[in-house]
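Undergrad: sequence-free structure coming up:
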Ligand code: ARG
């Protein structure tokens, strides 16, 4: 008979590298045990672990004592005040090599100092098992990230660029945290404007059917021209209105014309996504259209839908104006589509977290239909419970003049032009500054030890570039240029407006992508320069964090998981940028004060360099920035 091989055994062997979760999560486990042991009668106490504000007091702190004391007051005669409560928490901590010591401060705060050896060991283990073992554990399985979502036949503008960049990063962070992500492009591909576009297509391109993609060329111009005709020609207007009915009735010819128009836009959008290295799956508004009647019927059964001024609406507590779900003319709108899409994502796609990335201007719309969904019982009324829907709003992109970012005075900035400019500026800078400086900046292996410093010196003297293949130049200019655009956007708290400034984002000083890419490349070159085999060192060497600057860097590297966790939970990519920048600062301090190559601690310190490079690379990856080829 056939020999049966249990596949399961093999796969468990492969996945043996356990995901350990963040320090906070690990400490929480220890303190949970201690809380249970110390206060068995108080049920349901969640350990409150935070990073110490002042590093002098410790690395972390446990903040449960005060609120526990409030619960125990009067009921417990042994303990007098929050301090003894804190003390009891410390006394009941299970033994762990993680903690070096604990002390009490103020009203019972427990300050925790992590063991140096444990930090070192964790870093070593990560170097061997991979940074994936540092992925945070999140309480969700499947999320929808609804982002980018431009509108067909209209230009993709800087708002869509922000949505694309922020959404992609959120998706990357969630994916890294082992959450399944449905990356949804909710394109505006439905609505009454299509009647006008289709009729205009028939008019202007009588041969459209033979031509699989009619040479509309500039679709935005086409849109404007058809709008003008619509507004000025009553006969055309009537035909356009009939075309909407035909399209929505599913008439073949109209469906085909619609599909062609969509396809032209789609190709344009795709160019931007390819440049940015962003992957999306389109499920546009039209996709949900057939489900709308059913979804609205469900809401109607719950008694949510009312008649108001000829429209069908849902009233929301605290809002004067209701949410319109069926227009006066019987048509559906943005809100009916979004309610239906939410229903679909919950019931068909079984997602437990729906994340929507748009400008803050749409906040009201999201609040309204989230509230309607809560009224319907589709979403729990408590914000903290799952399934959950979150609107990730972001501010405006401003020009140098402090006004909405536009070229000349009125035109919206075309995304492609913007990316082109970022790239060409980089290319110019690359050519001017010298090839090797930039190659090394990107972590490209320039072929040998010492080469980096040698050549950057050379470049500084002559200011001249060496020959570079055209392809290398292109790739590098793209990596730096697009990386700079992304980073400049992501480093701000997303809710604030930010000023778009090429000079600033492409500067190699300050908190910019260029500076960070350079910092990373420098670390790689230190390792290269040592001439030691880092893979070998990982296996045979050990990290020791005797110097305070080493310990600080090590501790902060270890905080990677909780930063990503917090960035995911609060949907704030800027936390990862801030962290990345701080790590590079920690590294500089360490490197200034601790000799690496040629020192007695060389092995340990090279491993610390490597751990820093690994963490930085993962941050770049999460931010959608290409650090070079050293991965
Ligand atoms: N198409 C919309 C716009 O350009 C964004 C769509 C956002 N997603 C959503 N489910 N409403 O403003």
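TA: Received the coordinates, thanks. Only a predicted model underlies this, so the values are computations on that prediction, with no experimental measurement involved.

Undergrad: For residue 351, which residues are in contact?
TA: By CB atoms under 8 Å, 6 or more residues apart in numbering, residue 351 lies in contact with 142-144, 182, 345, 387. All C-beta spots, glycine's among them, are computed from the backbone N, C-alpha and C.

Undergrad: Can you show me the helices along the stretch 351-500 of the chain?
TA: 363-375, 415-433, 435-441, 451-462, 470-490 (DSSP state H, counting those that start in this stretch).

Undergrad: Does the first one reach the ligand?
TA: No - on the criterion CB under 6 Å from any ligand atom, helix 363-375 is out of touch with the ligand, staying 7.2 Å away.

Undergrad: Residue 537 is in contact with residue 603, correct?
TA: Yes - counting by CB atoms under 8 Å, residue 537 is a contact partner of residue 603 at 5.7 Å.

Undergrad: so which of the helices of the stretch 351-500 of the chain is the most packed in?
TA: helix 435-441 (a mean of 25; mean count of other CB atoms under 10 Å).

Undergrad: mind listing what residue 109 touches?
TA: Residue 109 touches 61-63, 65, 86, counting by CB under 8 Å, 6+ apart.

Undergrad: Looking at those, which are in helices?
TA: When the contacts of residue 109 are checked against helices (DSSP state H), the matches are 65, 86.

Undergrad: want to throw the contacts of residue 109 into JSON lines with neighbour count?
TA: Below are the contacts of residue 109 laid out as JSON lines (neighbours: other CB atoms under 10 Å):
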{"residue": "61", "neighbour count": "23"}
{"residue": "62", "neighbour count": "26"}
{"residue": "63", "neighbour count": "16"}
{"residue": "65", "neighbour count": "27"}
{"residue": "86", "neighbour count": "27"}
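
Undergrad: Looking at the contacts of residue 109, spot the one nearest residue 209.
TA: residue 63 (69.3 Å; CB to CB).

Undergrad: okay, that closest one: pLDDT?
TA: pLDDT recorded at residue 63 is 94.

Undergrad: Now do the contacts for it.
TA: Neighbours of residue 63 in contact, by CB under 8 Å, 6+ apart: 48-50, 109-110.

Undergrad: rerun that using 10 Å as the cut-off
TA: Going by CB atoms under 10 Å, 6 or more residues apart in numbering, residue 63 touches 47-50, 86, 107-110.

Undergrad: In terms of helix, strand or coil, where does residue 144 fall?
TA: What DSSP: H, G, I helix; E, B strand; the rest coil gives for residue 144 is strand.

Undergrad: what distance separates the start and the end of stretch 74-92?
TA: 22 Å (CA to CA, to the nearest Å).

Undergrad: Which of the residues in it are classified as buried?
TA: By neighbour count with 16 or more other CB atoms under 10 Å, stretch 74-92 contains the buried residues 76, 79, 82-90.

Undergrad: Outside of that stretch itself, list whatever touches it.
TA: 31, 33-39, 41-42, 47, 62-73, 99, 101-112.

Undergrad: where does the protein come near the ligand, residue by residue?
TA: So the chain meets the ligand at 146, 149-151, 186, 188, 338, 341, 356, 358 (CB under 6 Å from any ligand atom).

Undergrad: circling back to that earlier point, okay, and the common contacts of residue 603 and residue 537?
TA: What both residue 603 and residue 537 touch, as defined by CB under 10 Å, 6+ apart, is the set 530, 543.

Undergrad: tell me the contacts of residue 358?
TA: 146-149, 159-160, 162-163, 166-167, 186, 365-366, 391-394.

Undergrad: my bad, should have said residue 158
TA: 359, 396-399, 404-406, 412-415, 418, 489, 500.

Undergrad: Sitting in helices, which of the contacts of residue 63 do you find?
TA: residue 86.

Undergrad: of the contacts of residue 63, buried ones?
TA: In the contacts of residue 63, the ones that pass as buried (16+ other CB under 10 Å) are 47-49, 86, 108-110.

Undergrad: and these as CSV, adding distance to residue 221?
TA: Below are these laid out as CSV (distance: CB to CB, whole Å):
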residue, distance to residue 221
47, 61
48, 58
49, 57
86, 69
108, 68
109, 64
110, 66
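
Undergrad: any idea which of these is least confident?
TA: Ranking the buried ones among the contacts of residue 63 by pLDDT, residue 108 lands last with 89.

Undergrad: I'd like the distance between the closest residue in space to that residue that isn't next to it in sequence and residue 218.
TA: Using CB to CB, 6 or more residues apart in numbering and skipping the chain neighbours, the partner closest in space to residue 108 is residue 65 (2.7 Å). The spacing between residue 65 and residue 218, counted by CB to CB, to the nearest Å, is 66 Å.

Undergrad: try residue 74
TA: Taken as CB to CB, the span from residue 74 to residue 218 is 76 Å.

Undergrad: where does the protein have low pLDDT?
TA: 1-16, 77, 211-215, 407-413, 432-468, 628-631 (pLDDT under 70).

Undergrad: now with 50?
TA: 1-14, 409, 445-466, 629-631 (pLDDT under 50).

Undergrad: Using the three-state scheme, assign the residue in the stretch 1-150 of the chain positioned nearest to the ligand.
TA: Residue nearest to the ligand within the stretch 1-150 of the chain: residue 149 (3.7 Å; CB to the nearest ligand atom). With three-state DSSP as the basis, residue 149 sits in coil.

Undergrad: Disregarding residues adjacent in the polypeptide, which is nearest to it?
TA: Per CB to CB, 6+ apart, closest to residue 149 is residue 186, 4.2 Å.

Undergrad: still on that earlier bit, give me the buried entries from the contacts of stretch 74-92.
TA: Buried among the contacts of stretch 74-92 by 16+ other CB under 10 Å: 31, 34-35, 38-39, 47, 62-66, 68-69, 72, 99, 102, 104, 108-112.

Undergrad: Which ones among the residues you listed map onto strands?
TA: Judged by DSSP state E, strands contain the following of these: 62, 99, 102, 104, 109-112.

Undergrad: Kind regards, and thank you for your time.
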